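1. Sequence and predicted structure below; questions after.
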Amino acid sequence: MFKRTLTLFLVIAAPSFLGCQKTATDISKPAEFALISQDKDLATGKIQDDLTQAKEAAKIWRNNAEFFALVIKIPPELTEEGLEKTFVFGSNDEPNNWWTSSISGENRLRAIVPKEDFLSGNLKPIDEKYWKTAYTEVLKTAEDAGGRDFRAQNPSTRLNLVLVQTEPNGWLWWQIEYLGGQNSLKILVSAFDGKIYNENGEPQ
């Protein structure tokens, strides 16, 4: 789902997950995400405010810039503090590059990233009318669908949420990926109805 990024992008978007010694109790009962209990309207409002600012900045890069992806990396403490959001834009004038705006707390960093090194070039501009689910809702869905158990078995799990319009069906999807050492769990959720689908676009 994800391709290896350039060192530059890793600097602005890679999460810093803490390795720590876990007891048997810790492993069987992983910490809950405080983000899940956050009001979805508040979460959506914050994302939209950041997106509006990113769109304005992207227009300075290229006047015809379009919104192609949102990448959210969840911090190790499982709260909003330290959450990293990267808004990705493309332009017909720059067919080989993405323009990205990464936000973490009060820090903002912009970068141009080759498509071959981040996400892919096979994405469509996001049609925002199909964006009906907040990332907090999607996170709860993923946790209930096996994510919580995966984290229990893989204490050093890293987590990515990616909003993209792509296959299957050319729909707007939340792609959720849990990465724990050599293990991974991938969950596909429709951004429109919040339901889980398989890789063929069939409801689960």
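-> Thanks, I have it.
2. can you pull the contacts of K59?
-> For K59, the contacting residues are A65, by C-beta atoms under 8 Å, 6 or more residues apart in numbering. Yep, even glycine has a C-beta here, placed from its N, CA and C like the rest.
3. From the centroid of this protein, which residue is nearest?
-> The chain has L161 as the residue nearest its centroid, 2.7 Å off, counting by C-alpha atoms, centre = their mean.
4. Can you say which helix or strand has the residue lying closest to that one once chain neighbours are set aside in it?
-> Residue nearest to L161 in three dimensions, not counting chain neighbours: I72, with 4.2 Å by C-beta to C-beta, 6 or more residues apart in numbering. Assigned by DSSP states H and E, I72 belongs to strand 66-73.
5. follow-up on the earlier one: my understanding was that the residue nearest to the centre of the chain contacts Y135; is that so?
-> Yes - assessed by C-beta atoms under 8 Å, L161 is found in contact with Y135 at 5.6 Å.
6. what sits in contact with each of the two?
-> With C-beta under 8 Å, 6+ apart, L161 and Y135 have common neighbours I72, W174.
7. ok, how many other residues are close to S184?
-> S184 sits with 15 neighbouring residues when counted by other C-beta atoms under 10 Å.
8. Just want the angle from the longest helix seen in the chain to strand 66-73.
-> In terms of residue count, the longest helix belonging to the chain (DSSP state H) is helix 40-61. Here helix 40-61 points in a direction 130 degrees away from that of strand 66-73 (axes from the mean of the first three to the mean of the last three C-alpha atoms, to 10 degrees).
9. Which positions in helix 40-61 come out as buried?
-> A43, T44, K46, I47, D50, L51, A54, A57, A58, W61 (16 or more other C-beta atoms under 10 Å).
10. how about the closest residue to G147 other than its chain neighbours, what does it touch?
-> In this structure, G147 finds its nearest non-sequential neighbour in Y178, 5.6 Å apart by C-beta to C-beta, 6+ apart. Shown in contact with Y178 (C-beta under 8 Å, 6+ apart): A142, G147, F150, R151, N154, T157, R158, L159, S184, L185, K186, I187.
11. Mind giving me the packing neighbours of the one helix or strand the fourth one maps to?
-> For R151, the element it lies in under DSSP H and E is helix 148-153. Using 3 or more C-beta pairs under 8 Å, 6 or more residues apart in numbering; DSSP states H and E, the elements in contact with helix 148-153 are helix 24-28, strand 171-180, strand 183-190.
12. Pull out the buried positions in that helix.
-> Those would be R148, F150, R151, for helix 148-153 by 16+ other C-beta under 10 Å.
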